[in-house]
Structures are given as C-alpha cells and as structure tokens.
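# Quick one, fold the following:
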Amino acid sequence: MKFLRAIAHNIRVHGHTTWLCARDPAVGWFPRLFALIIAGYALSPIDLIPDFIPVLGLLDDALLLPVGIWLFRKMVPAHIYAQHFATAEKASARPISHFAAIAIVALWCIAAMSLTSMWTR
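You can find the predicted model right below:
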C-alpha cells in the first residue's frame, strides 16, 4: 500500500511540475503544446480505454501518463525542470481540504441528478 501511495505521489508531483514548466516562458512552444496534451489526456473523461473496464481502464492512465511526463522531461532543460519540481514538491506538502473535496463531489452529483431529471421528462 505504501508503494502505491508513493507512486501516486510521484505522478502527482511530476504532473504538477509539467504544468508549471508549461507556463514558464523559457520553455519552447513544442514542449508547451506537448504538456497541454498530457494535461488534457489526464483530465479528460475520454480515454483510449474507458475507465469502467476493470483493470485495463485504469492501466492506460497508469502507463501513458508516466511515459508522457518522461518524454516531456526530456524536452525541457534540466535546470528548469528541477526548479519547478522543487516548487511542486513543496506544494504537495500543503494540507488537503477534505471538506472542499466533499463539497465539489456533492455539486457534481447535484448537477448529474439535475441533468438526468431534465432528460427523463
């Protein structure tokens, strides 16, 4: 369990680093575009393999995101990536608001129920 938590932490920190690097003006246009594609894939509800398929649905995210981040890391100068990695690592130590997470999930549930009731009428 600790191993999986460490992997999730690393993916989250490197994903945040990718986002920070993409916003840096010292990074070229192609790495920025590639970072946007990575972020779009990570946040998109549309995947190559849908998430509702057991194991395989999450496996594509678990493989494609680290590979994309690894490729992005090769495109960005090491000193820029290291600088933003330190910032992302500090940000990962901030406290997490579970109340806010519950509120956001509740809002999504309310929106989904509202849309469902509108469509079923």
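
# alpha carbons only for contacts and neighbour counts from here, please
Will do.

# Check this structure and tell me which residue is nearest its centre.
For the chain, the residue whose C-alpha lies nearest the mean C-alpha position (Cα atoms, centre = their mean) is Ala42; its distance is 4.8 Å.

# Please, where are all the helices along the protein?
Ranges of helices in the chain, per DSSP state H, are 2-22, 29-43, 56-75, 78-92, 98-120.

# Which other helices and strands does the longest one contact?
It refers to helix 98-120. Based on contacts counted as 3 or more Cα pairs under 8 Å, 6 or more residues apart in numbering; DSSP states H and E, there is no element that helix 98-120 packs against.

# Check which residues of it are buried.
Residues of helix 98-120 classed as buried: none (neighbour count, 16 or more other Cα atoms under 10 Å).

# Adjust the sequence numbering to begin at 14 for everything that follows.
Done: numbering now begins at 14, and the last item shifts to helix 111-133.

# next one: that helix to chain centre, how far?
Averaged C-alpha coordinates place helix 111-133 at 21 Å from its chain's average position (Cα atoms, centre = their mean, to the nearest Å).
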